[in-house]
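Asker: The following block contains a protein sequence and its predicted model.
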Amino acid sequence: MSELDELRHRVDALEGEVERLREENAATRTLASMADRDVAEMRTSLRAHTQTLNALRETQLEQGRAVQGIAEAVGGLIAGQAALADAVAGLTAGQAEMLEQLRRLTADRDRHDDDGGKP
């Protein structure tokens with residue numbers, strides 16, 4: 001084989017290799033483009049998840065404050081109920097004392113009437 005033939009053979013081989021590399025480069029660019037698109041979709045999805053979690057956190061904080069307010073209100077109601085129970089107990093004791101005084105007065109009056117009005 002002559003040098004010229006060998007050179008043509010090498011040029012043909014190089015042209016084939018360049019074409020193969022161009023095809024690989026195009027495929028690599030396509031894959032890179034697809035990967036970039038996938039990453040962009042993942043970022044969008046991650047942003048949406050983050051926003052959802054932040055909204056959920058805010059809702060939980062609001063609910064926590066509401067539950068705390070309810071707990072405080074229930075505590076106030078329990079304290080008020082205890083005060084009311086004490087007041088009712090005081091009224092009951094007062095009524096019992098008034099009833100006892102009425103009994104004594106009635107008994108004294110009945111004795112006074114039985115004695116004919118004599119002291």
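Answerer: On my side now, so go ahead.

Asker: Residue 60 versus residue 36, what's the distance?
Answerer: 36 Å (C-beta to C-beta, to the nearest Å). (Each C-beta comes from the backbone N, C-alpha and C, glycine too.)

Asker: I meant residue 4, not that one.
Answerer: Counting by C-beta to C-beta, the separation of residue 4 from residue 60 is 82 Å.

Asker: now stretch 68-78: how far from the chain's centre is it?
Answerer: Going by C-alpha atoms, centre = their mean, to the nearest Å, the spacing between the C-alpha centre of stretch 68-78 and its chain's C-alpha centre is 20 Å.

Asker: nope, stretch 104-119 is what I meant
Answerer: Relative to the mean C-alpha coordinate of its chain, stretch 104-119 is positioned 75 Å out (C-alpha atoms, centre = their mean).

Asker: List of residues touching it?
Answerer: Contacts of stretch 104-119 from elsewhere in the structure, counted by C-beta atoms under 8 Å, 6 or more residues apart in numbering, are absent.

Asker: Name the residues of that stretch that are buried.
Answerer: Of the residues in stretch 104-119, none has enough neighbours to count as buried (16 or more other C-beta atoms under 10 Å).
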